[in-house]
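*Asks:* Generate a structure from the sequence data that follows.
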Amino acid sequence: MKLLLVTTLLMMSAWQSRIQPISPDSVPDVCREGMISDGWGFNRHHAECSLFYQCYPGLGDKVLFKTMKCRFGLFWSQKKLACVIPPESECEDNCANKTDGTKRPMKGHCAGFWVCKDGKSVPSCCPMEMRYSHLISTCRRDGRKTCLHNEKCGEIKEERVCDSVPKPGSETEYIVATSGLKYTMPCPPGTVYRQDNCSCLATSVSILNTGCRPTFEIHFEKQDLFKTGIEITGVQIIAKGSPVDGGSYAYFDGSAYLNALSLANSHSTETKVVSFYMKSDGDVGRRQTIMTNKIGFRTGCSGTDCRGSMQIDISPNKELHHLLSTGRRSVQLSTIISYDWTKVWYIYDGKNYGKFLAISNQTEAFVDADGPINESQSGLIIGRPPSADVGDFYKGALDEFQVWNCIPKDAETLLKRSLEQSV
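*Replies:* Below you'll find the predicted structure:
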């Protein structure tokens, strides 16, 4: 079945100027629960499973939204940020307490309707030249022929206005115009954009047997500033001095940050590996956040509510704090760094090894851990704390930032070595 996969939006000019902070009062109620970061997000509809809200930044500090509908027969999933078949959605089904055979109209589809079976909604479609009538709960002839649909009961032709076009030179991106602004949107991994469907669809090209490859990587070269799926604010690219090849690296001045929007909702996995090089300025008055998957709008939070389920902080005493929260436990590992270039590893494999391992500057720590990483709908934010109440922006250099949803060979070697040394 072809599914409409909804992707995280990226404003094309986001890296060109500092984004104005979002005011909590300017965020519509329908966007608060589903906020990703800085005004970008999706949220479930308050009454209809097949609808959802798309939130995006407007002028100034405003956040705007519009109501979107899933393709025929699909429900919105807030966990997956995608339209899925009804059994895969966490939305409370309207058929849960209804008798078999109960019908209701399908919003946005003149010929579509839902039929209850075993407490679940099953999509159905009227024959050609007919439309569904909620007054008589059956299909009737469309005398005026205003309901134009295909045999698979696709979206109504009059209502189907595709506001997106392919991005030249890229099958995995497309451009959409909203409120007079143009945005570049990346397709999820393993999908490509198709104009005739006005959506990202699973590609037939096999992506298996390619080994463990990063789901996200940035080497902080000039061209990285123009990659889709990331939002860069105030990050400086330094031409020389990388610990890897002597080339360019990034400098975060204590107010800069990077948001890997394409990693939103990618946390719900039992395997996650992050590695990067860092060189702190050493001016650490209180904890600075290097990486987190949470941005909060509220002040006054405390404890783990203030932090992401994946987070790395640096403290004044040259310690890195590696935080991980799963449904079963929350843990923090500490390693030591110098104020010279340091390679950092954040390795979690709760499925095979059942371990969480942290390494920096030849020091390491690990602990037993398993289960999916707790949900947090932000992207992966680099250099910015979840809230001003719990920390400061990172001040220092970063390079070769990579993220995997699998265990690369180097990380597996480190895991095995740690296990052998602990015996």
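
*Asks:* quick one: low-confidence parts of the stretch 101-250 of the chain?
*Replies:* By pLDDT under 70, the low-scoring segments of the stretch 101-250 of the chain are 149-163, 176-184, 186-191, 195-198, 201-211, 223-229.

*Asks:* can you give me the strands for it?
*Replies:* Secondary structure of the stretch 101-250 of the chain (DSSP state E, counting those that start in this stretch): strands at 103-105, 112-117, 120-125, 130-133, 138-141, 164-166, 173-178, 181-186, 191-194, 199-202, 216-218, 231-233, 236-238, 249-253.

*Asks:* Kindly report the same for the stretch 301-423 of the chain.
*Replies:* 310-314, 319-325, 330-336, 342-349, 355-360, 363-368, 380-382, 392-393, 395-404.

*Asks:* Switch these over to CSV; also include distance to residue 83 and mean neighbour count.
*Replies:* From N, CA and C alone the C-beta is placed, and that goes for glycine too. Shown next, in CSV, are these (distance: least, C-beta to C-beta, whole Å; neighbours: other C-beta atoms under 10 Å):
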stretch, distance to residue 83, mean neighbour count
strand 310-314, 26, 25
strand 319-325, 28, 22
strand 330-336, 32, 17
strand 342-349, 29, 23
strand 355-360, 33, 23
strand 363-368, 37, 16
strand 380-382, 24, 26
strand 392-393, 36, 18
strand 395-404, 25, 21
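
*Asks:* The closest residue in space to residue 109 that isn't next to it in sequence in helix, strand or coil?
*Replies:* Leaving aside its sequence neighbours, residue 109 sits nearest to residue 72 (C-beta to C-beta, 6 or more residues apart in numbering; 5.9 Å). What DSSP: H, G, I helix; E, B strand; the rest coil gives for residue 72 is coil.

*Asks:* Would you check how far apart residue 72 and residue 106 are?
*Replies:* 7 Å (C-beta to C-beta, to the nearest Å).

*Asks:* any shared contact partners between these two?
*Replies:* Common contacts of residue 72 and residue 106, defined by C-beta atoms under 8 Å, 6 or more residues apart in numbering, comprise 112, 123.

*Asks:* rewinding a little: tell me the most buried of the strands of the stretch 101-250 of the chain?
*Replies:* Scoring the strands of the stretch 101-250 of the chain by mean neighbour count under mean count of other C-beta atoms under 10 Å gives strand 249-253 as the most buried, with a mean of 22.

*Asks:* Against which helices or strands is it packed?
*Replies:* Packed against strand 249-253, as judged by 3 or more C-beta pairs under 8 Å, 6 or more residues apart in numbering; DSSP states H and E, are the following elements: strand 236-238, strand 395-404.

*Asks:* Identify all contacting residues around stretch 279-292.
*Replies:* By C-beta under 8 Å, 6+ apart, stretch 279-292 touches 243, 274, 278, 307-308, 310-316, 320-321, 337, 339-342, 346, 378, 380-386, 390-398.

*Asks:* got the buried residues for that stretch?
*Replies:* For stretch 279-292, burial by neighbour count (16 or more other C-beta atoms under 10 Å) applies to 279, 280, 284, 287, 288, 289, 290, 291, 292.

*Asks:* so what's the residue nearest to residue 109 scoring on pLDDT?
*Replies:* Note on residue 72: pLDDT of 77.

*Asks:* ok so, going back, out of the strands of the stretch 301-423 of the chain, nearest to residue 127?
*Replies:* For residue 127, the closest of these is strand 380-382, at 48.3 Å, according to C-beta to C-beta.

*Asks:* Could you list the paired strands of the closest one along with their orientation?
*Replies:* strand 257-260 (antiparallel), strand 288-292 (antiparallel) (DSSP bridges).

*Asks:* Least confident of these, on average?
*Replies:* strand 257-260 (a mean of 88).

*Asks:* mean confidence for stretch 306-313?
*Replies:* 89.

*Asks:* Which residue, neighbours along the chain excluded, lies closest to residue 243?
*Replies:* For residue 243, the spatially nearest residue (C-beta to C-beta, 6+ apart) is residue 341, at 4.0 Å.
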